[in-house]
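**Student:** With the input below, show me the fold.
(one chain, ligands or ions: 2)
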Amino acid sequence: MSTETDTGRITVQVTRYRPEDGDTEPTVQDYEIPLRKDWAILDGLNHIKDHIDGTLSYRWSCRMGICGSCGMLVNGEPKLTCEAFLSDYAPGPVRVEPLANFPLIRDLVVEIGDFMRKLPQVKPWIIEDTEPEREHLQTPAQVAEYQQYSMCINCMLCYSACPVVGLDEHFLGPAAIALAQRYNLDSRDQGVLDRLEVLSTDNGIWGCTLVGECTTACPKGVDPAGAIQRYKLTAAAETLKSFLLPRGKR
Ligand code: SF4
Ligand code: FES
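**Tutor:** Ligands and ions are numbered 1, 2, ... in the order given. Okay, the predicted model is just below:
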């Protein structure tokens, strides 16, 4: 069993912002906490809240990389704080800040309404031209086509890493486009053209400048940058077809 004396102590530099108390700008507060081998950054924040400063605000739920709610910047990089270990930042100090590119509400809590409004814009559901007469069956190969894109946990790390998101509030962003691709590549779906109207725009795939930081940041291997590039090929092919064929024959 680990103890506090395992590896000493580490300083965590945490963003504080309490507008209801009159804060006009975020500040940084240092907390010295035990450096335990089995503690993630989130365990350190929980230690601060439970034993040092109960006013600290941050989001988390599952502690196992599933719910997507504990994303923050750790030493400037977007991370799930339940998966980033304190010992990897020893001897410290380690900086913990709210996700970049989102409005700040309080301490480490950001406003996610804009992100949540963008997801349904890509029509993330199965679209069929005709009513199915029986259940759809899929081969393992057909499932494998889209499975990678279905692993997204909406953690928003890719939005925090993306410079285009930071510059253009209208850009749909990496996770929304990867979500569209999850349905476009599903053998049961016939909604590629419907989604093109939303995605083949400057706010969609053509807004992406190929930086690729989204894929680097993604903790689930979704590869949003790959989804966007693949979708650009689809969009280009569909545009070409639209010039050559009437819609019913595309
Ligand atoms: S694509 Fe990856 S980084 Fe972006 S929200 Fe989904 S899981 Fe998070
Ligand atoms: S607490 Fe759920 S992903 Fe980290």
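**Student:** what's the host helix or strand of residue 12 packed up against?
**Tutor:** Assigned by DSSP states H and E, residue 12 belongs to strand 9-16. Here strand 9-16 touches strand 27-34, helix 41-47, strand 94-97, going by 3 or more CB pairs under 8 Å, 6 or more residues apart in numbering; DSSP states H and E. Bear in mind the C-beta positions are built from the backbone N, C-alpha and C, glycine included.
**Student:** switch the cut-off to 6 Å
**Tutor:** Applying 3 or more CB pairs under 6 Å, 6 or more residues apart in numbering; DSSP states H and E, one finds that strand 9-16 contacts strand 27-34, strand 94-97.
**Student:** Report the strands that pair with that strand, each with its relative direction.
**Tutor:** According to DSSP bridges, strand 9-16 has the following sheet partners: strand 27-34 (antiparallel), strand 94-97 (parallel).
**Student:** The protein: helices as residue ranges?
**Tutor:** 41-47, 113-118, 140-147, 157-161, 163-167, 174-184, 192-199, 213-217, 224-244 (DSSP state H).
**Student:** contacts for the last one?
**Tutor:** Counting by CB atoms under 6 Å, 6 or more residues apart in numbering, the neighbours of helix 224-244 from elsewhere in the structure are 149, 158, 174, 177-178, 181, 196, 200, 205, 208, 212, 214-215, 250.
**Student:** hang on, the earlier thing: got JSON lines for the helices of the chain, with distance to ligand 1, mean neighbour count and mean pLDDT too?
**Tutor:** Output for the helices of the chain, formatted as JSON lines (distance: least, CB to the nearest ligand atom, whole Å; neighbours: other CB atoms under 10 Å; pLDDT from 0 to 100):
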{"stretch": "helix 41-47", "distance to ligand 1": "16", "mean neighbour count": "21", "mean pLDDT": "98"}
{"stretch": "helix 113-118", "distance to ligand 1": "8", "mean neighbour count": "14", "mean pLDDT": "95"}
{"stretch": "helix 140-147", "distance to ligand 1": "14", "mean neighbour count": "13", "mean pLDDT": "96"}
{"stretch": "helix 157-161", "distance to ligand 1": "3", "mean neighbour count": "27", "mean pLDDT": "97"}
{"stretch": "helix 163-167", "distance to ligand 1": "11", "mean neighbour count": "16", "mean pLDDT": "93"}
{"stretch": "helix 174-184", "distance to ligand 1": "4", "mean neighbour count": "27", "mean pLDDT": "95"}
{"stretch": "helix 192-199", "distance to ligand 1": "15", "mean neighbour count": "19", "mean pLDDT": "90"}
{"stretch": "helix 213-217", "distance to ligand 1": "6", "mean neighbour count": "21", "mean pLDDT": "94"}
{"stretch": "helix 224-244", "distance to ligand 1": "5", "mean neighbour count": "16", "mean pLDDT": "82"}
